[in-house]
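Undergrad: next comes the sequence, and after it the predicted model I'd like to discuss.
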Amino acid sequence: MRVALFIPCYVNQLYPSAAIATLELLQKLAVDVSYPAKQTCCGQPMANSGFEHMAQSCNDLFIENFSGYDYIVAPSASCVLHIKDHLHSHADEDAATEIRGRIYELVEFLTDVLKIEKLDARFPHKVGMHQSCHGLRGLHLAQMSELVAADFSKPQHLLNMVEGIEMVTLDRKDECCGFGGLFCIAEEAVSVKMGKDRITDHTKNGAEYITSPDLSCLMHMEGILQRNKSNVKIIHIAEILNSSVTQI
Amino acid sequence: MSSREKILAAVKQNQPPLSPLPDISMFNVVEVDIASKYTDTFTGIGGQVFAVTQLDTIKEIVPEHFDTSKRIVTTIAELNDIAELISANVDPHGFEDVELAIIEARLGVAENGAVWLTESVMGQRIIPYICQHLAVVVYEDSLVSTMHDAYAKIATEDYGFGGFIGGPSKTADIEQALVLGAHGPLSMTIFLVK
Amino acid sequence: MKSTADHATLAEKFNRDEERVDWHDGALWWIRQKRDRSANLTPQWEELREAASAIKSNVISNLHDYLVQFEENLTKNGVKVYWASDAEEHNQIVYSILKAKEITQMVKSKSMLTEECGLNEYLHERGIDVINSDLGEYIQQIDNEPPSHIVLPCIHKKKEEIGELFHEHLGTEKGLSDPTLLTRVARKHLRNVFLTRRAALTGVNFAVAETGEYVVCTNEGNADMGAHLSEVQIASMGLEKLIPERKHLGVFLRLLARSAIGQPITIYSSHFKKPRPGQEMHLILVDKGRSTLLARPDFRDSLKCIKCGGCMNTCPVYRKSGGLSYHNTISGPIGAILAPNLDMQQHADLPFASTLCGSCSNVCPVKIPIHDQLYKWRQVIVKEGYVANRKTFSMKAMSLTFASPDIYRTAGLTGRWILNYAPFAVNNKFNPWYKQRDMPESPKQSFGEWYKKNVKENNKDA
């Protein structure tokens, strides 16, 4: 099994530790993983702003970088969803289709492809789970609170394998944090208010860490936490799952 | 071209290829004890239910719960000694002072507590809306489980006006505070007849 | 009613009073929770949504024939039918009906369509006085403000503010703010309105092609009080309100109130079919952009909407920005996908007033993919040139960077370029990210750089 690691642009530049944790975790699970060096971005920042038509060369580059692998894995639900829903190519639509079917977010890769049932990880902290909307409602990483359907949670399934972790129960288990890409700038007031309210839900229920399969949500909440000098930290789920290897 | 022709032509041109109607026969709920399900539902939405075995019992309950010094109207002939029979041919505005109206439902729906009334059982269309308090006689054997069953029973019946009524008139427009008696009845009572 | 400020500006204003935002958010979240409980108590809920969506797909695909069939049945039932292409024509028709009977006062139950048409203002200019009888709409009317929510028109108002309005307009005691007492005052006042109006106008929730009847749903009973006491009854409906057969009402009436407010059915679901003796019934079929929307494959499913307001209650942006910030009669997610069809320039901001979280699509009883449509409207609005040039320029720069690994790497080396011009971190003194959020710390090296140093031996592409 050959796996390509896709590290989205902002993770690459701002959160390399989450990317390293992802890589180490996959290697620990004996996955043959490599990192195509010429990768850039999934194209979502343009597309969500209404400029999908400008993302074509970005898409072509993505196809060039990631064709020929059995799987493509990324530690970002939002970017994976974008590729799954919107990667197309005028030049080679077959290759685009191939990639749309082979790309996985890290959590779903671990639960659905590797089907792991145990992990050698330890994280003795109180943790709040932030369900990223794109992971939840887009990739169905967990059951959505709006639907009348059986409950499940892939991230929780993995976190249950982590020794010492204590999950906090939130009042609103899958409310949006208000990041929303360009939204966080264009609608600054509402975006920040949504982020503040999400954070309050975690802190009042005792979380020391807020985790998520999406760093974009976490980056937004981290900005608010730090501005307010909070002791609560954000952490990507890969770093918790890899916590016995990498010291945090 | 008239607006009618213009609109119909545009619709015809722009509508997508025919998409078939779904089968809705699978919505089937069988209630074991439909009378208690109905009673629970209706009580839950702020109404009251009296189980009675005969219409005469209603004559005893009414004075205990309603102001009988005020105007009481009905379409049920058996109750004509406690209430005035509604005339279909008078000005509806004249019912403005009705305190209590007692009418008979065509059927009751267990899933939501609503009763189905057509103008033939209302006496006049305005009756169940203008009265201060509404009481409806529902026969147990007319109860159905869901709205699907209700429409199966109503089938192709012809009426000028019909309505489901599922409790006392209500509003929550002011700060989501529930207030019974918005424009219609302040209370709704069901006489559930075995 | 028209506003020049966009959603973000109006939402920022709304957010200056954080306590009010919390209160507004809490009230609507409470309704969302009631909706969840109600849905969970309904067997086959998801199948019901699926069926409702499929019925509406059929309606959209066969609308022409259903309209003709409905008109035929209305006529048979003794109802007079009119067709209006736009707001102006609709308003003219209402006016001509009233004028023929020399009626100068009308009572109206909730109708978003007539709000959109500006009917009240139109008639007022011609000497006809209209009173909205839904309590929330009445409150909004006396405050000279449009509804902020299609089901809960004054959900943004506090009871003290409503008390103040009642004091001013209905002469209640100053400081009276108890919801029950205020409702009693309105009941008395509006009862007199119902009893003295010769004409009543209602909206339409569902119109049955098979029988020619139409159904109006209220909790207050105001539509019935108006209609059954009037000598002229008028109904205004958008073309999309049709359903094929009476039995389909079973599906929609089970979904509507549960999705709207978590109630098993609206208190009143009134089926109007024929005028009562001595009464006239008129029905106006209004296009107002519906047939154009039908021609947009990506967006025509929005015609399925049954106006339950569920998407507003669940939308975190709506809850935290208030309905009036959408500057459109229909606010929230559904308003944001309906409005651009009518006036793309005026409503260009609305599809961007969303995080695309997708909760709206999940609560929608007719399964409109609302958040997908928001995404697609963004593409259309940009292509048709309704965004600022400045944004287009930065998008071009970004797309250039992402298209070239070399520029991307160099940009990264020269100090985490992403902090300089990614959309979430525009680095200038007006940086909206930095206003209430710290910038992410810039690590010493990117993952790419780390990988090159540490895992080079495994990297065949390097």
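TA: Done, it's in. Being a predicted model, the structure only gives us computed values, none of them experimental. Numbers count the residues shown, from 1 in each chain, chains lettered A, B, ... in the order given.

Undergrad: give me the phi and psi for B:Ile58.
TA: Taking degrees, to the nearest 10, you get phi -60, psi -40 for the backbone angles of B:Ile58.

Undergrad: and the pLDDT at it?
TA: Listed pLDDT for B:Ile58 reads 97.

Undergrad: which non-adjacent residue is nearest it?
TA: B:Phe191 (5.3 Å; CB to CB, 6 or more residues apart in numbering or on different chains). (Each C-beta comes from the backbone N, C-alpha and C, glycine too.)

Undergrad: now do the buried residues in the helix or strand hosting the one you found.
TA: In the assignment (DSSP states H and E), B:Phe191 maps to strand B:187-193. By neighbour count on 16 or more other CB atoms under 10 Å in any protein chain shown, the buried set for strand B:187-193 is B:Ser187, B:Met188, B:Thr189, B:Ile190, B:Phe191, B:Leu192, B:Val193.

Undergrad: which residue is the nearest non-sequential neighbour of C:Trp450?
TA: Counting by CB to CB, 6+ apart, the residue nearest C:Trp450 is A:Pro16, at 5.6 Å.

Undergrad: does the one you found really touch C:Lys452, like I thought?
TA: No: contact criterion CB atoms under 8 Å: A:Pro16 and C:Lys452 do not qualify, at 11.8 Å.

Undergrad: more neighbours, these two?
TA: Neighbour totals were compared for A:Pro16 and C:Lys452, and A:Pro16 leads with 20 against 16 (other CB atoms under 10 Å in any protein chain shown).

Undergrad: returning to that earlier point: pLDDT of the strand holding B:Phe191, averaged?
TA: Model confidence over strand B:187-193 averages 98 on the pLDDT scale.

Undergrad: helices and strands of chain A: which one bottoms out on pLDDT?
TA: helix A:44-46 (a mean of 85; mean pLDDT, DSSP states H and E).

Undergrad: what about that helix, distance to the chain center?
TA: Helix A:44-46 sits 16 Å away from the centroid of its parent chain (CA atoms, centre = their mean, to the nearest Å).

Undergrad: again with stretch C:155-162
TA: 20 Å.

Undergrad: what comes up buried for it?
TA: C:Ile155, C:His156, C:Lys157, C:Lys159, C:Ile162.

Undergrad: what's the local residue count around the nearest residue to the third one once chain neighbours are set aside?
TA: Spatially, and ignoring its direct neighbours in sequence, C:Lys157 is nearest to C:Ile139 (6.8 Å; CB to CB, 6+ apart). Residue crowding around C:Ile139 was assessed by other CB under 10 Å; the count is 24.

Undergrad: just C:Pro440 next, same as before
TA: 23.

Undergrad: quick check, it in a helix?
TA: No: checked against DSSP: H, G, I helix; E, B strand; the rest coil, C:Pro440 lies outside a helix; its state is coil.

Undergrad: any weak-confidence spans in chain A?
TA: Within chain A, the segments meeting pLDDT under 70 span A:245-248.

Undergrad: against the centre of it, work out the most remote residue.
TA: A:Ala91 (29.1 Å; CA atoms, centre = their mean).

Undergrad: for that residue, what are its contacts?
TA: The contact partners of A:Ala91, by CB atoms under 8 Å, 6 or more residues apart in numbering or on different chains, come to A:Asp60.
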